[in-house]
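*Asks:* okay, structure incoming, though there's no sequence with it:
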């Protein structure tokens with residue numbers, strides 16, 4: 001596995017990875033119109049803008065030249081109060097064939113290093129309450145539940161746990 005920072009040229013690959021991973025993990029939870037409305041917000045143009053935004057950092061995992069995962073970190077937007085500056089791990093997605101490869105841990109480690117470099121005192125994220133695999137992963141990495149958050153997919157409201165880790 002190779003790791004690097006992402007840039008605007010990765011927008012099409014990130015858009016495809018995000019949609020593939022999101023649908024594989026969560027697609028069964030939503031009505032088709034809610035899923036389509038949600039995914040419609042994430043075209044390559046939006047990804048290109050985010051990848052060019054200096055406030056956001058994309059850590060990319062590649063295998064044989066193909067992007068198989070990414071972690072996106074940036075300023076805190078979640079409704080949680082933390083002491084000191086915080087970085088938000090906004091997304092960590094892997095394709096199914098990269099799960100269990102160690103790429104998720106490597107991407108999280110890189111995001112945590114970004115937080116430290118940017119002077120953050122904590123890292124905060126949200127995770128769907130029934131995504132038990134992800135919750136266990138974050139708990140193994142020192143994250144604890146710090147609140148709840150409503151995450152909208154179209155008109156469907158999901159309940160997410162807010163999790164945080166002090167650096």
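*Replies:* Ah, there it is. Keep in mind it's a predicted model, so treat the numbers as computed, not measured.

*Asks:* can you show me the helices along the chain?
*Replies:* Secondary structure of the chain (DSSP state H): helices located at 11-26, 32-39, 44-52, 103-117, 132-140.

*Asks:* for the last one, name the packing helices and strands.
*Replies:* Under the contact criterion of 3 or more C-beta pairs under 8 Å, 6 or more residues apart in numbering; DSSP states H and E, helix 132-140 touches strand 122-128, strand 156-166. All C-beta spots, glycine's among them, are computed from the backbone N, C-alpha and C.

*Asks:* what sits up against that helix?
*Replies:* Residues from elsewhere that reach helix 132-140, judged by C-beta atoms under 8 Å, 6 or more residues apart in numbering: 104, 108, 125, 127-129, 161, 163.

*Asks:* now that helix against helix 103-117, angle please.
*Replies:* Between helix 132-140 and helix 103-117, the angle comes out at 40 degrees (axes from the mean of the first three to the mean of the last three C-alpha atoms, to 10 degrees).

*Asks:* run the angle between helix 132-140 and strand 156-166 for me.
*Replies:* Using the same axes, to 10 degrees: helix 132-140 against strand 156-166 is 20 degrees.
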